[in-house]
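**Q** show me how the following folds:
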Amino acid sequence: MAGEELENLSKAVVEGDEEKILDLTKAALSNGIPADDILKKGLIPGIRKVGELFNKGEYFLPELIVSGKAVQAMVDYLSPKFSKGKASGFGKFLIGTVKGDVHDIGKNIVKMMLKSNGWEVTDLGVDISPEQFCTAIREGDFDICGMSALLTMTMPQAAEAIKALKNAGLRDKVKIMIGGAPVTQEYAKQIGADAYGRDAWDALTKAEGLLKQKQN
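**A** Numbers count the residues shown, from 1 in each chain. Coordinates of the predicted model:
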């Protein structure tokens with residue numbers, strides 16, 4: 001019975017039916033299904049399917065955002081009920097838009113996708129200096145640091161942040177991912193980032209790959 005309930009929840013996520021997602025999540029809890037199972041066997045398989053459809057060009061950004069926001073709301077709702085206070089087994093992600101850049105739409109969509117897939121995300125916000133990235137990484141325990149640059153003129157700030165991390169002896173503490181409209185795979189490689197996220201789904205996939213590398 002639990003399997004069927006969680007399968008229906010996944011389908012509701014794929015359909016982007018926010019009301020049904022909430023009702024099925026509450027019903028699953030009432031029926032004694034652990035919050036961890038609701039996330040890992042219901043919500044996440046659904047949002048991953050949405051991501052796959054987006055990647056294939058069958059779904060578009062509006063569908064991704066609707067389902068992602070609904071799942072993120074459920075993750076927030078379930079978070080007090082996760083074992084050990086959170087969903088175990090996922091990574092910790094630090095994210096921010098680089099200095100001189102106040103755009104946050106792309107960053108927020110990536111954050112939404114990460115959170116809806118069980119990641120713990122700390123958002124520094126926009127216009128974040130290399131020193132601020134260093135401070136956050138020094139004081140925190142993050143697996144990955146994501147830097148967003150939405151303007152060509154602010155892209156060099158990602159390079160400056162990576163240099164600052166090296167100079168502070170912090171570069172090996174985290175994996176670094178960069179993204180944003182003008183950013184390319186070639187630029188990511190050039191400045192010494194570990195990965196480039198083309199879009200929110202690609203960023204999630206790359207983050208999972210980087211986490212596995214870090215854990216091995």
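**Q** direction included, what does the strand ranked longest in the chain pair against?
**A** Under DSSP state E, the strand in the chain containing the largest number of residues is strand 120-128. Here strand 120-128 has these sheet partners by DSSP bridges: strand 92-98 (parallel).
**Q** after the partner strand comes which helix or strand?
**A** helix 105-116 (DSSP states H and E).
**Q** list the residues that contact the residue positioned nearest the centre of the chain.
**A** The centroid of the chain falls nearest to residue 114 when counting by Cα atoms, centre = their mean (2.0 Å). Residues near residue 114 by Cβ atoms under 8 Å, 6 or more residues apart in numbering: 93, 95, 121, 203, 204, 207. Any C-beta I mention is one placed from the backbone N, CA and C, and that applies to glycine too.
**Q** ok, now with 10 Å
**A** For residue 114, the residues meeting the contact criterion (Cβ atoms under 10 Å, 6 or more residues apart in numbering) are 68, 72, 90-91, 93, 95, 120-121, 144, 146, 200, 203-204, 207-208.
**Q** what score does it have for pLDDT?
**A** pLDDT for residue 114: 93.
**Q** who's in contact with stretch 34-41?
**A** 2-3, 5-7, 9-10, 24-26, 28-29, 33, 44-45, 71, 74-75, 77-84, 86-90, 116-118.
**Q** now these: which count as buried?
**A** Taking 16 or more other Cβ atoms under 10 Å as the criterion, what is buried in the contacts of stretch 34-41 is 5-6, 9-10, 24-25, 28, 33, 44-45, 71, 74-75, 78, 82, 86-87, 90, 116-118.
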